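Enquirer: Structure of the sequence below:
(one chain, ligands or ions: 2)
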Amino acid sequence: MARDHYSIANLIRKARGGGTWSRAWRDPEPKSAYDIVIIGGGGHGLATAYYLAKVHGTANVAVLEKGWIGGGNTGRNTTIIRSNYLWDESAALYEKSLKLYEGLSRDLNFNIMFSQRGVLNLAHSEGDLREIARRTAAIRLNGIDSEFLTTAEVKAMVPILNVGANARYPVLGASLQRRGGVARHDAVAWGLARAADTRGVDIIQNCEVTGFDIKGGRVTAVRTSRGPIAAKKVGIVVAGHSSVLAEMAGFRLPIESHPLQAAVSEPIKPILDTVVMSGAVHVYISQSDRGELVMGAGIDAYTSYAQRGSPSVIETMMASAVDLFPIFSRLRMMRQWGGIVDVCPDASPIIGATPVEGLYINGGWGTGGFKATPGSGWVFAHQIAQEKPHPLAAPFGLDRFASGALIDEHGAAAVAH
Ligand code: FAD
Ligand code: PYC
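Expert: Ligands and ions are numbered 1, 2, ... in the order given. Predicted coordinates for the structure are as follows:
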């Protein structure tokens, strides 16, 4: 990329309508064959392709995206990043991801605006308090930062939070992960795309996978809206559509797909400099760099592939937000949207081999995969390149649903399921 592209003078020229933007990644025609095809151009698919090229030296890779990159959940989430998970297996995986996030802007030479402003999980009952105490201890035993805050400490950190005795949801304390925070979701997709492209990966948008060619139990090609593409290995990384792709390949997944909604307010002056989550009342809130309050809800209870959701869920979320932050009652909301999240029975992802040889799956991240983006790509690239699970991903194979070795992270998901 020419240096001039980013110079102040050039940016001003472009802002005035002069000059041209050069592409941040190529727009290649699909080749007839690749060593590896990754289905899905969200953060996880792009991270997989990036680490395949960077770490494993496999650049004959295509990422096939049916829409535009980052147009799925990657561009629809509330951007919360943290690694405060209960079980050792999850803690190790999400912490790997958080560590990769800590170096990602530098690694990609692209500012993903990772802001480690801390993530608070509120306790509203004695039960919540006991759970937070257990969780905080378990997380610390895994060498991950986690603190318990009293009501007064929470109030000192978030003065606009209603912690009064007459609050509908009294705040009895909170857990805090100071290294948690938020990042710019589009930038994560764009930075990964540019870095993967630079290393030779073909990113092909408007290319929907519609079927698989499977010979002798092994995948040989994908069928797409732009013609067949042969591949030695294929990775499915399509979030809410995981079961759809699995069905095309002839196997079933223990996944349900649900809408998950979020909304943003009009921009206001800085008022909230941390992330506040409340699993019990179904809301989580942070303030974006543009000043908007970004809020999300619990999942819609019904299964669906429509990326919107029910108004009643957003209404409940808004009511909870105003209960916690009475000062927000005069805020005007600007936009609402939904994404389709793929939820596993144990609220943990599926990463690994499938019953079809050469076909791998990375999905089931449900409501919580943005935080996992680089870590997920790291371990999935290993799985595909080495044809064996990365040690961090080994517990997350499909086989756990047969063995019963589930990793129940409903509590850590912190989003009502
Ligand atoms: P996606 O970004 O959805 O990428 C999958 C891609 O596959 C899509 O672009 C899709 O178009 C493509 N695709 C599907 N079918 C095909 C096909 N047949 N052919 C080709 N391409 C196909 N997680 C957090 O950690 N923190 C949060 O704060 C958070 N908030 C959330 C809030 C909301 C409202 C939502 C919806 C999700 C939230 N999540 C959060 C979850 C997180 O967004 C996802 O787990 C994560 O982004 C999944 O990334 P992905 O790359 O797997 O999926
Ligand atoms: O996993 O932290 C999370 C999250 C926040 C909002 C949705 N998911």
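
Enquirer: Quick check: chain neighbours aside, which residue is closest to the residue in the stretch 151-300 of the chain that ligand 1 sits nearest to?
Expert: Across the stretch 151-300 of the chain, no residue is closer to ligand 1 than residue 239, which sits at 3.2 Å (CB to the nearest ligand atom). Quick note: C-beta positions are derived from backbone N, CA and C, even for glycine. Leaving aside its chain neighbours, residue 239 sits nearest to residue 73 (5.0 Å; criterion: CB to CB, 6 or more residues apart in numbering).

Enquirer: Could you measure from that neighbour over to residue 205?
Expert: The gap separating residue 73 from residue 205 is 16 Å, by CB to CB, to the nearest Å.

Enquirer: which of these two has more neighbours?
Expert: The neighbour comparison of residue 73 against residue 205 (other CB atoms under 10 Å) goes to residue 73, with 26 against 16.

Enquirer: Up against ligand 1, what does the stretch 301-417 of the chain have?
Expert: Applying CB under 6 Å from any ligand atom, we find that the stretch 301-417 of the chain lies next to ligand 1 at 339, 341, 365, 367, 368, 369, 370, 371.

Enquirer: Need the three-state assignment for the nearest residue to the fourth one once chain neighbours are set aside.
Expert: I take that to be residue 367. Spatial nearest neighbour of residue 367, excluding adjacent residues (CB to CB, 6+ apart): residue 415 at 4.1 Å. Under the three-state scheme (DSSP: H, G, I helix; E, B strand; the rest coil), residue 415 adopts coil.

Enquirer: pretty sure residue 415 is touching residue 258, no?
Expert: No. Using CB atoms under 8 Å, residue 415 makes no contact with residue 258, being 10.7 Å away.

Enquirer: you'd agree residue 64 is up against residue 229?
Expert: Yes. Using CB under 8 Å, residue 64 is in contact with residue 229, at 7.4 Å.

Enquirer: so what's residue 416 scoring on pLDDT?
Expert: Listed pLDDT for residue 416 reads 72.

Enquirer: got the contact list for the nearest residue to it once chain neighbours are set aside?
Expert: Distance criterion CB to CB, 6+ apart; nearest residue to residue 416, sequence neighbours excluded, is residue 298 at 3.1 Å. With contacts defined as CB atoms under 8 Å, 6 or more residues apart in numbering, residue 298 is in contact with 260, 282, 313, 316, 317, 415, 416, 417.

Enquirer: If you tally nearby residues, what's the number for the first one?
Expert: Residue 260 has 27 neighbours, counted by other CB under 10 Å.

Enquirer: Contact partners for it?
Expert: Residue 260 neighbours (CB under 8 Å, 6+ apart): 296, 297, 298, 299, 300, 309, 338, 339, 340, 341, 367, 415.

Enquirer: ok so, going back, quick one: which of the contacts of residue 298 is nearest to residue 198?
Expert: Here the nearest of those to residue 198, counting by CB to CB, is residue 260; it sits at 32.5 Å.

Enquirer: Name whatever forms a beta bridge with that closest one.
Expert: Taking DSSP bridges, one obtains residue 299, residue 339 as the residues bridged to residue 260.

Enquirer: Distance check, the spatially most central residue of the chain against residue 348.
Expert: Central residue of the chain (CA atoms, centre = their mean): residue 370, 1.6 Å from the mean position. The gap separating residue 370 from residue 348 is 16 Å, by CB to CB.

Enquirer: go on, residue 63?
Expert: Taking CB to CB as the criterion, residue 63 is separated from residue 348 by 25 Å.

Enquirer: which of those two has more neighbours?
Expert: Ranked by neighbour count (other CB under 10 Å), residue 63 and residue 348 place residue 63 first, with 31 against 26.

Enquirer: helix or strand for residue 153, which one?
Expert: Taking DSSP states H and E as the definition, residue 153 sits inside helix 151-157.
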